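S.K.: have a look at this prediction, sequence included:
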Amino acid sequence: MISEFIIEDFKLTSGSKALVKTTYQQFGKALGTAPIVLINHALTGNSNVTGAQGWWSAIVGDNKVIDTQRFTILSIDVPGNGFNVNSDYTIKNYKDWQLVDVAKIQVRILEQLGVNELFAVVGGSLGGQLVWELAALKAIKIAHIIPIATDWKATDWLLANCKIQDSILNNSTNPIYDARLHAMTLYRTPRSLKQKFERERDEDSIFKVENWLSYHGNLLQNRFQLASYKLMNHLLTTANVLRNYTSIKDLSQVILADIHLVSVDSDLFFLAEDIWETYIDLCTEKDNVFISEIKSIHGHDAFLIETAQLQNILKPIFETKTHEHNHKHHIVWNR
């Protein structure tokens, strides 16, 4: 069931005020009867995480790794993400927003629901950045944070590509289509495209890779709003959990949750080396830090493609019968 949440005169980090209208969904067990998992969606995603139209149904559902028969699942739409096409939900002053504002709204929703403890917060890409932002607020007790194919900061590489996206979105005559074409080349890899297409042409003599890009451009154009794309792309650039801390090591001292980092070895958007650098910084300060790596030729989108590997990574976390762990950091290789 989709529920609505409204905040009047919400003060943004930028200092401006906003009327916030968003939605959230609950799946699985009733609130108060089971451990709660909060799932954050990525740039073009939404709160519809499971079911026939769910974007993560391979991971979330009855008898899945995140089992709706054992957990209460919450998923909150990023305000302005376009899931509700009503114009009242649209955010046009997107540069006034920061990702930490979204995390603060999540806290408000959780408080309204009477939730003060989460078994896990999990998200990939932009959703993983939001995992970090929520943990840094320290407003909700969290047992496990699981940021996937992401990092706690916007790197120079990420900022550069989001700048290109923003320029396309504001200057192209076909902005969503054109921006998606550029983005898809970042979400995959040269090896992935070579394996898939091998320079073959379709019956119209157009290279298959070109038709594939056009397909994804048209697909997003038909279901996404320009204002939403501008906002979500901008939010990627605002991730920075060190507003009140000197370093990630400093922040790690106040995050009590087990931290499970997941990288993709071929990721060209959130580079694996940056996530490993975060791991090294964290495990010098904390014992309950873990890292796993998805092995794939498919790049950033591997966290959505390599379902079996991700299931193997998440299974030990969600099959545990207790919140207690041996508090010894380790590396998990998934092949």
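M.R.: Received it, and whenever you're ready, just let me know what you need. What you see is a predicted model, and the numbers here were worked out from it, not measured in a lab.

S.K.: centroid-nearest residue for the protein?
M.R.: Centrality entry for the chain: nearest residue to the mean C-alpha point is G127, 1.8 Å, by Cα atoms, centre = their mean.

S.K.: need the three-state assignment for that one.
M.R.: Using DSSP: H, G, I helix; E, B strand; the rest coil, the structure places G127 in helix.

S.K.: now do the one 5 residues further on
M.R.: Secondary structure of W132, reduced to three states by three-state DSSP: helix.

S.K.: same thing with L268?
M.R.: State at L268, reduced to three classes by three-state DSSP: coil.

S.K.: let me see the contact set for L158.
M.R.: L158 makes contact with 236-237, 269-270, according to Cβ atoms under 8 Å, 6 or more residues apart in numbering. Just so you know, the C-beta spots here come from the backbone N, C-alpha and C atoms, and that holds for glycine as well.

S.K.: just how off-centre is the host helix or strand of it within its chain?
M.R.: In this structure, L158 sits in helix 156-171 according to DSSP states H and E. In terms of Cα atoms, centre = their mean, to the nearest Å, the gap separating the centre of helix 156-171 from the centre of its chain is 18 Å.

S.K.: cool, and stretch 208-224?
M.R.: The answer for stretch 208-224 is 22 Å, by Cα atoms, centre = their mean.

S.K.: mind checking the pLDDT average for it?
M.R.: For stretch 208-224, the mean per-residue pLDDT is 97.

S.K.: how about residues contacting that stretch?
M.R.: In contact with stretch 208-224 (Cβ under 8 Å, 6+ apart) are residues 44, 82, 174, 176-178, 180-181, 184-185, 193, 196-197, 199-202, 204.

S.K.: could you give me the average pLDDT of the helix holding L158?
M.R.: Here the average pLDDT along helix 156-171 is 98.

S.K.: which SSE is immediately downstream of that helix?
M.R.: Assignment by DSSP H and E places the next element after helix 156-171 at helix 175-187.

S.K.: which elements pack onto that next one?
M.R.: helix 156-171, helix 208-223, helix 226-237 (3 or more Cβ pairs under 8 Å, 6 or more residues apart in numbering; DSSP states H and E).

S.K.: that one to helix 226-237, inter-axis angle?
M.R.: 30 degrees (axes from the mean of the first three to the mean of the last three Cα atoms, to 10 degrees).

S.K.: average pLDDT for helix 175-187?
M.R.: Taken as a whole, helix 175-187 has an average pLDDT of 98.

S.K.: which residues sit against that helix?
M.R.: With Cβ under 8 Å, 6+ apart, helix 175-187 has contacts from 161, 164-165, 168-169, 172, 213-214, 216-218, 220-221, 224, 226, 229, 233, 268-269, 299-301.

S.K.: how about 7 Å then?
M.R.: Under the criterion Cβ atoms under 7 Å, 6 or more residues apart in numbering, residues 161, 164-165, 168-169, 172, 213, 216-218, 220-221, 224, 226, 229, 268-269, 299-301 lie in contact with helix 175-187.

S.K.: show me the contacts for the residue nearest to the centre of the chain.
M.R.: 40-42.

S.K.: okay, and which of the residues you listed map to strands?
M.R.: The members of those that map onto strands under DSSP state E are N40.

S.K.: is Q106 in contact with L134, as I believe?
M.R.: Yes - counting by Cβ atoms under 7 Å, L134 is a contact partner of Q106 at 5.8 Å.

S.K.: so A308, which state does it fall into?
M.R.: Taking three-state DSSP, the label given to A308 is helix.

S.K.: give me the pLDDT for it.
M.R.: 98.

S.K.: for burial, what's the neighbour tally of the nearest residue to R188 once chain neighbours are set aside?
M.R.: Of all residues not flanking R188 in the chain, G299 sits nearest, at 4.8 Å (Cβ to Cβ, 6 or more residues apart in numbering). Look at G299: counted by other Cβ atoms under 10 Å, it has 25 neighbours.

S.K.: just confirm G299 contacts L271, I think it does.
M.R.: No - assessed by Cβ under 7 Å, G299 is found out of contact with L271, at 10.5 Å.

S.K.: run through who's touching the top strand by length along the chain.
M.R.: Identified as the longest strand of the chain according to DSSP E is strand 17-28. Strand 17-28 is contacted by residues 1-12, 34, 47-50, 68-69, 71-77, 79, 83-84, 88-89, 105, 109 when judged by Cβ under 7 Å, 6+ apart.
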